[in-house]
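Could you look at this predicted model? Sequence included:
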Amino acid sequence: MNYRRVFVPNTYLHIIITSYNKKPLFIDNIDILRTAFKNTMQVYKYEIIAICVLPEHIHLILYPKDINNYPKIIFSIKHYFSRNVGQVCPTDDLKIGYKNKQEKGIFQRRYWKHTIKNEEELNKQINYIHYNPVKHGYIHSVKDWDFSSFHKFVQLGLYEENWGSLKDIENNIKNLNFE
């Protein structure tokens, strides 16, 4: 299969990284994951605009200073995490392609990437990322998920604390004027 990536300078990227066979290992190893991001930032210049870490996948909006480096950024994060997390998948469970390349079975090989085209789309993608733990049924209110940039956005005044919760929806309905 011929797989091609698009490199549009000065754009934001929504990236989803998933664990092999959707094993829930990111939250249990959050300190290793945080260090992977920090170490990668020392080598490649990029900003994380928004992030949400779930047990089996990670959403992030990335702004690389050099768009050509984003595959290297993802590789570096995955490489550091894989080297430091230990063997989490029994080798008998690995597909033959993973065994042949002596992979540990930590990540799916590929990741999903979407180039964000404008500010409106950026805002929609940030909302999607922050709401993701509710969508997957881990929590009932976005503010209850500790592994996302939502709390930083609240501190900056970009979200109300109850955004994306049932209480927020009820408040919005009360504020509607049907007269």
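Everything's here; your move. Model, not experiment: these values are computed from the prediction.

Only C-alpha atoms from now on, for both contacts and neighbour counts.
OK.

in the protein, which spans are helices?
Using DSSP state H, the helices assigned to the chain run over residues 30-43, 70-85, 96-100, 119-135, 150-155, 166-175.

from what I can see His57 touches Lys22, true?
Yes. Counting by C-alpha atoms under 8 Å, Lys22 is a contact partner of His57 at 7.4 Å.

Please pull out the lowest mean pLDDT helix or strand from the chain.
helix 96-100 (a mean of 44; mean pLDDT, DSSP states H and E).

sorry, back to before: who has more neighbours out of His57 and Lys22?
Comparing His57 with Lys22 by other C-alpha atoms under 10 Å, the one with more neighbours is His57, at 20 against 13.

what's the closest non-adjacent residue to that one?
Thr18 (4.3 Å; C-alpha to C-alpha, 6 or more residues apart in numbering).

which residues touch the one you found?
Contact analysis of Thr18 by C-alpha atoms under 8 Å, 6 or more residues apart in numbering lists 56-58, 107-108, 111.

ok, now how distant is it from Gly164?
Separation of Thr18 from Gly164 (C-alpha to C-alpha, to the nearest Å): 24 Å.

Name the residues of stretch 23-39 that are buried.
Within stretch 23-39, the residues that count as buried by 16 or more other C-alpha atoms under 10 Å are 23-27, 30, 32-33, 36-37.

which of those residues lies closest to Asn69?
Phe37 (14.3 Å; C-alpha to C-alpha).

Relative to Ile27, how far out is the closest one?
14 Å.

Then Gly164?
Counting by C-alpha to C-alpha - Gly164 and Ile27 are separated by 22 Å.

Kindly report the same for Glu56.
In terms of C-alpha to C-alpha, Glu56 sits 8 Å off from Ile27.

repeat for Lys113
22 Å.

and Ser32, what does it touch?
No Ser there; residue 32 is Ile. Counting by C-alpha under 8 Å, 6+ apart, Ile32 has contacts 81, 84-85.

Apart from its neighbours in sequence, what residue is nearest Leu25?
Ranked by C-alpha to C-alpha, 6+ apart and with sequence neighbours excluded, the top spatial neighbour of Leu25 is Pro55, at 5.6 Å.
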